[in-house]
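Colleague: build the 3D model from these lines:
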Amino acid sequence: SRPLKTNNHTKYIENITKYCNVFNGECNKRCKNPVETERKFRMKPKSPPSHKQTHLLYQDLLEQLNPKDPLLLLAGKLSWELFEREFAPLYAERGRPAKSVRLMVGLLLLKQIENLSDERVVEAWTRNPYYQAFCGMEYFQWKFPCDPSELVHFRKRIGEAGLEKIFQASVALFEKKALEDDVVVDTTVQEKNITFPTDTKLRVKAMECCWKIAEKENLALRRSYRRELKTIRRVIRFNKGKKKEDRKKVAAAIRRVKTMANALLRDVERKLPEVACLTWKSELALCRQVINQERRDKNKIYSFHEPEACCIAKGKEHKKYEFGSKAAIAMTKTSCIIVGVKSFSRNEYDGDTLKTILPQVEKIMGKAPRRALCDRGFRGRKRVGDTTIILPESPSPNASEYAKRKARKDFGRRSAIEPVIGHLKSDFRLARNYLKGTIGDAINLLMSATAFNCAKWMKAVVQSLFFALVVLCKFIRRNDDHMATAA
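Modeller: You can find the predicted model right below:
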């Protein structure tokens, strides 16, 4: 073979060494900080071309669609360049090419507006030309825009701060209408996608976790209790009668489940090697807490895959307890535009949520609200920052009729937030949160509020077009009447 020149060969070796050092540095970075890897190890998406070139075979997508469709009008109103500029630092300069920011943000908005899952929104995108035009496609596409898991990675990449920027853009759609002096604040529960927790269910889950650890570590258990557990669960399920003997049987079976779970956990902990004990430390601690927690304990675990979920009682007759996270929502008093949302990992007192959500409202609106109308659950707070907290109360004997009428009107508007929360839950995926962890709570809440604002804006556009058409028809009819009278 032809020999390499010395200088070229030396340069080639130097380049290879440099590349290996860079690659090793990236690998070490990925091992040390996997969260940062998730955010960074993906190349920036290509920026759209500055000039538009027509296709030889396909017709432009926008030329075939109704330009007055609310979704297309919303696409023209949103600032997609702002999203691309804000999210650009989250991508690396090299790596696998990413999907465009407009495509991913558009899919997230469509998912919440249409109340679809990640899988369903990707399928619906291939069938709906308006969805494709909303996401910036110039020609109709037959293939999936991305894998549904790409939406999961994109949500992790931009995080709560990125979703807050999208929510702020949805508030900016209304311009001056969103800059009111008074806001209405209320709290609700964002339920997690978990089964109704009982002590027996959770202890059975702990036993299943112990079986999984023993299987992966090849442990020979003294006894697995699988057969006995099946019999005991049958007793608990089918002996819930009114007879005293049945109640005794069920109580004894529940105690037996706790005994078996404790024995199985101790057996696994005894036989695990020291290295394996460190590997499974968090799982074993979770099992121990679940098995030994009692009914009246505080900071209980209600789910294995969602240990952050807490039990919240909101005084509902049809649903005494809800399991999830508390969410605070603030909207403008007159126009009912959502201008602030915050998720809390624990069951905070309603009054304590004000010091978190009111600064967010001030950041989004550019000014602090003058008054915040709240219900009696916020008792104990009269003022937070520059905002006065107004609570329902009986008027003083010396109050004038005007003051009474004004207070009655204000608190009538306070109750307007209740149907808004109902729409968030029934139409925009707030009723049950399928995203994992506390960050999933915050993301789902922000996207629900963003979708509500976008849907409200689109509805207002449709109504304005309809009213303009009505006025035009009345004007034409009046002119015809004048011409008939003159003739």
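Colleague: which ones are touching the nearest residue to S170 once chain neighbours are set aside?
Modeller: Computed as CB to CB, 6 or more residues apart in numbering, the closest residue to S170 that is not its neighbour in sequence is N453, at 3.9 Å. (Glycine included, C-beta is placed from N, CA and C.) By CB atoms under 8 Å, 6 or more residues apart in numbering, the contact set of N453 is 167, 170-171, 173-174, 337-338.
Colleague: just the ones in strands from those residues, please.
Modeller: Among the contacts of N453, DSSP state E puts I338 in strands.
Colleague: which one of the contacts of N453 is nearest to L221?
Modeller: Distances from L221 to these, taken as CB to CB, are shortest for F167 (50.7 Å).
Colleague: looks like the closest one contacts T450 (just checking).
Modeller: Yes: F167 lies in contact with T450 (CB atoms under 8 Å); the separation is 4.7 Å.
Colleague: give me phi/psi at I389?
Modeller: phi -90, psi 120 (degrees, to the nearest 10).
Colleague: which pLDDT value belongs to the nearest residue to it once chain neighbours are set aside?
Modeller: Nearest residue to I389, sequence neighbours excluded (CB to CB, 6+ apart): R381, at 4.9 Å. We have a pLDDT of 86 for R381.
Colleague: please verify my assumption that R381 contacts G351.
Modeller: Yes: between R381 and G351 there is a contact at 4.3 Å, judged by CB under 8 Å.
Colleague: which of the helices or strands spans the nearest residue to P70 once chain neighbours are set aside?
Modeller: Once flanking residues are discounted, P70 sits nearest to M458: 3.6 Å by CB to CB, 6+ apart. Take DSSP states H and E as the rule and M458 turns out to sit in helix 437-486.
Colleague: hey, where'd the helices end up in the stretch 201-350 of the chain?
Modeller: 226-238, 244-271, 274-279, 281-292 (DSSP state H, counting those that start in this stretch).
Colleague: with respect to T187, which of those helices lies nearest?
Modeller: Of all the helices of the stretch 201-350 of the chain, the one in closest proximity to T187, counting by CB to CB, is helix 281-292 (27.6 Å).
Colleague: what is the rounded mean pLDDT of that closest one?
Modeller: 94.
Colleague: just how off-centre is it within its chain?
Modeller: Computed by CA atoms, centre = their mean, to the nearest Å, the separation of helix 281-292 from the middle of its chain amounts to 28 Å.
Colleague: give me the angle between that helix and helix 244-271.
Modeller: For helix 281-292 against helix 244-271, the angle by axes from the mean of the first three to the mean of the last three CA atoms, to 10 degrees is 160 degrees.
Colleague: buried ones in helix 281-292?
Modeller: Going by neighbour count (16 or more other CB atoms under 10 Å), the buried part of helix 281-292 is 283-284, 286-291.
Colleague: in PDB, list the C-alpha atoms belonging to that helix.
Modeller: Below are the C-alpha coordinates for helix 281-292, written out as PDB (Å, rounded to 0.1, in the frame of the first residue of the first chain):
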ATOM      1  CA  LYS A 281     -31.200   1.000  49.700                       C
ATOM      2  CA  SER A 282     -34.000   3.300  48.700                       C
ATOM      3  CA  GLU A 283     -36.400   0.500  47.700                       C
ATOM      4  CA  LEU A 284     -35.800  -1.400  51.000                       C
ATOM      5  CA  ALA A 285     -36.400   1.800  53.000                       C
ATOM      6  CA  LEU A 286     -39.600   2.500  51.100                       C
ATOM      7  CA  CYS A 287     -40.800  -1.100  51.700                       C
ATOM      8  CA  ARG A 288     -40.000  -0.700  55.400                       C
ATOM      9  CA  GLN A 289     -42.000   2.500  55.700                       C
ATOM     10  CA  VAL A 290     -45.000   1.200  53.800                       C
ATOM     11  CA  ILE A 291     -45.200  -2.000  55.900                       C
ATOM     12  CA  ASN A 292     -44.900  -0.400  59.300                       C
END
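Colleague: list of residues touching it?
Modeller: By CB under 8 Å, 6+ apart, helix 281-292 touches 202-203, 205-206, 209-210, 213, 258, 261-262, 265, 268-269, 277, 301, 304, 307.
Colleague: just the buried members of the residues you listed?
Modeller: Neighbour counting by 16+ other CB under 10 Å classes 202-203, 205-206, 209-210, 213, 261-262, 265, 268, 301, 304 among the contacts of helix 281-292 as buried.
Colleague: for those, which one is nearest W142?
Modeller: The nearest one, if we look at the buried ones among the contacts of helix 281-292 relative to W142 and count by CB to CB, is F304, at 41.5 Å.
Colleague: hmm, the closest one is touching K205, no?
Modeller: Yes: between F304 and K205 there is a contact under CB under 8 Å: 5.0 Å.
Colleague: same list (the helices of the stretch 201-350 of the chain) but as CSV, adding distance to K156.
Modeller: Converted to CSV, the helices of the stretch 201-350 of the chain look like this (distance: least, CB to CB, whole Å):
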stretch, distance to K156
helix 226-238, 37
helix 244-271, 32
helix 274-279, 24
helix 281-292, 21
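Colleague: any idea how far stretch 201-220 is from the middle of the chain?
Modeller: The answer for stretch 201-220 is 31 Å, by CA atoms, centre = their mean.
Colleague: quick one: mean pLDDT over it.
Modeller: Mean predicted confidence for stretch 201-220 is 94.
Colleague: return the alpha-carbon coordinates of it using PDB.
Modeller: In PDB, the C-alpha atoms belonging to stretch 201-220 read as follows (Å, rounded to 0.1, in the frame of the first residue of the first chain):
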ATOM      1  CA  LYS A 201     -52.600  -3.200  48.800                       C
ATOM      2  CA  LEU A 202     -49.400  -1.300  49.700                       C
ATOM      3  CA  ARG A 203     -48.000  -4.200  51.800                       C
ATOM      4  CA  VAL A 204     -48.700  -6.600  48.900                       C
ATOM      5  CA  LYS A 205     -46.800  -4.200  46.700                       C
ATOM      6  CA  ALA A 206     -43.900  -4.300  49.200                       C
ATOM      7  CA  MET A 207     -43.900  -8.100  49.100                       C
ATOM      8  CA  GLU A 208     -43.800  -8.000  45.300                       C
ATOM      9  CA  CYS A 209     -40.800  -5.600  45.500                       C
ATOM     10  CA  CYS A 210     -39.000  -8.000  47.800                       C
ATOM     11  CA  TRP A 211     -39.700 -10.900  45.400                       C
ATOM     12  CA  LYS A 212     -38.200  -8.800  42.500                       C
ATOM     13  CA  ILE A 213     -35.100  -8.000  44.500                       C
ATOM     14  CA  ALA A 214     -34.600 -11.700  45.500                       C
ATOM     15  CA  GLU A 215     -35.000 -12.800  41.900                       C
ATOM     16  CA  LYS A 216     -32.500 -10.200  40.500                       C
ATOM     17  CA  GLU A 217     -29.900 -11.000  43.200                       C
ATOM     18  CA  ASN A 218     -30.500 -14.800  43.100                       C
ATOM     19  CA  LEU A 219     -31.400 -15.100  46.800                       C
ATOM     20  CA  ALA A 220     -32.800 -18.300  48.200                       C
END
